[in-house]
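J.: 3D model of this:
(one chain, ligands or ions: 1)
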Amino acid sequence: MANQVDLSPKTVTKPKVERPRLYKVLLHNDDYTPREFVVLVLKVVFRMGADASHRVMMTAHRMGSCVVVVCPKDVAETKVKEAMDLAKEAEFPLMFTAEPEE
Ligand code: TYC
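T.: As a prediction, this is how the structure comes out:
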């Protein structure tokens, strides 16, 4: 009969809420870029304060690299490009990369 149509859902859909993967921006050491320039880039591009930018620069200097920030992929890639553009313009080999967080 028309009034006995089973209208109950036939499937159960599990909500799949996946967080967008975060990316880390890494600063890499080199032998040529002046320390003051690295600090300037960290301040201007990553809006870091004097103490934090100096600490991150020194960590990269001593350890070879340092995580600058963890953020969504598009932000990470934009920051890397802005920082590398400044370095290229100043003709320093300073390197930033972005990679997915584990
Ligand atoms: N090692 C550079 C020097 O001695 C300074 C430097 C620090 C360069 C950190 C890059 O990511 C870097 N002039």
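
J.: ok, and the closest non-adjacent residue to Pro72?
T.: The shortest distance from Pro72 to any non-neighbouring residue, by CB to CB, 6 or more residues apart in numbering, is to Pro20 (5.9 Å). Just so you know, the C-beta spots here come from the backbone N, C-alpha and C atoms, and that holds for glycine as well.

J.: so is the one you found in a helix, a strand, or just coil?
T.: What DSSP: H, G, I helix; E, B strand; the rest coil gives for Pro20 is coil.

J.: gap between Leu86 and Lys79?
T.: According to CB to CB, to the nearest Å, Leu86 stands 11 Å off from Lys79.

J.: what sits in contact with each of those two?
T.: Taking CB atoms under 8 Å, 6 or more residues apart in numbering as the contact rule, Leu86 and Lys79 both touch Val45.

J.: those two: which has the busier surroundings?
T.: Per other CB atoms under 10 Å, whichever of Leu86 and Lys79 has more neighbours is Lys79, with 20 against 16.

J.: list the neighbouring strands of the helix or strand hosting Phe96 plus their orientation.
T.: Assessed by DSSP states H and E, Phe96 sits inside strand 95-100. If you go by DSSP bridges, strand 95-100 pairs up with strand 22-28 (antiparallel).

J.: got the residues of this structure near the ligand?
T.: Contacts of the chain with the ligand, taken as CB under 6 Å from any ligand atom, map to 27-31, 33-35, 38, 57, 60-61, 94.

J.: what bits of this protein have low per-residue confidence?
T.: 1-3, 7, 9 (pLDDT under 70).
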